[in-house]
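1. Below are the sequence and a predicted model for it; my questions follow.
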Amino acid sequence: MKTAVRHDLQQVTDYIWRLREAKNISQRRLAAKANVCYITIARVEMSDGQYSLPTLLKLCRALDITLAQLFKEIEL
């Protein structure tokens, strides 16, 4: 994966992790709210790049943010 794309993915996953921590939500609780497996949350936060846009949308909804807010918060 190209360096710029890897950096962008890292920013997305870092922000999701920081937001989850700020809201004091465990990975399992976020997974339940997003209707995904908790392993999916761990993989997203580990920046393995193996998640889809629909998964990202589910996570944003579970964290009470929009995709637009997510991308606004990171420097793409």
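-> That came through fine.
2. Can you list the buried residues in the helix ranked longest in the chain?
-> If you go by DSSP state H, the chain has its longest helix at helix 3-22. Across helix 3-22, burial judged by 16 or more other Cβ atoms under 10 Å covers Asp8, Leu9, Gln11, Val12, Thr13, Tyr15, Ile16, Trp17, Leu19, Arg20. To be clear about C-beta, it is placed using only N, CA and C from the backbone, and glycine gets the same treatment.
3. and if you look at stretch 66-76?
-> Residues of stretch 66-76 classed as buried: Leu70, Ile74 (neighbour count, 16+ other Cβ under 10 Å).
4. My read is that Tyr31 contacts Thr40, right?
-> One thing to correct before we go on: residue 31 is Ala, not Tyr. Yes. Using Cβ atoms under 8 Å, Ala31 is in contact with Thr40, at 6.5 Å.
5. still on that earlier bit, can you redo the buried residues of helix 3-22 as a markdown table, where the extra columns are distance to Asp64 and pLDDT?
-> Output for the buried residues of helix 3-22, formatted as a markdown table (distance: Cβ to Cβ, whole Å; pLDDT from 0 to 100):
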| residue | distance to Asp64 | pLDDT |
| --- | --- | --- |
| Asp8 | 23 | 76 |
| Leu9 | 22 | 80 |
| Gln11 | 20 | 86 |
| Val12 | 17 | 87 |
| Thr13 | 18 | 88 |
| Tyr15 | 14 | 91 |
| Ile16 | 12 | 93 |
| Trp17 | 16 | 94 |
| Leu19 | 9 | 95 |
| Arg20 | 11 | 96 |
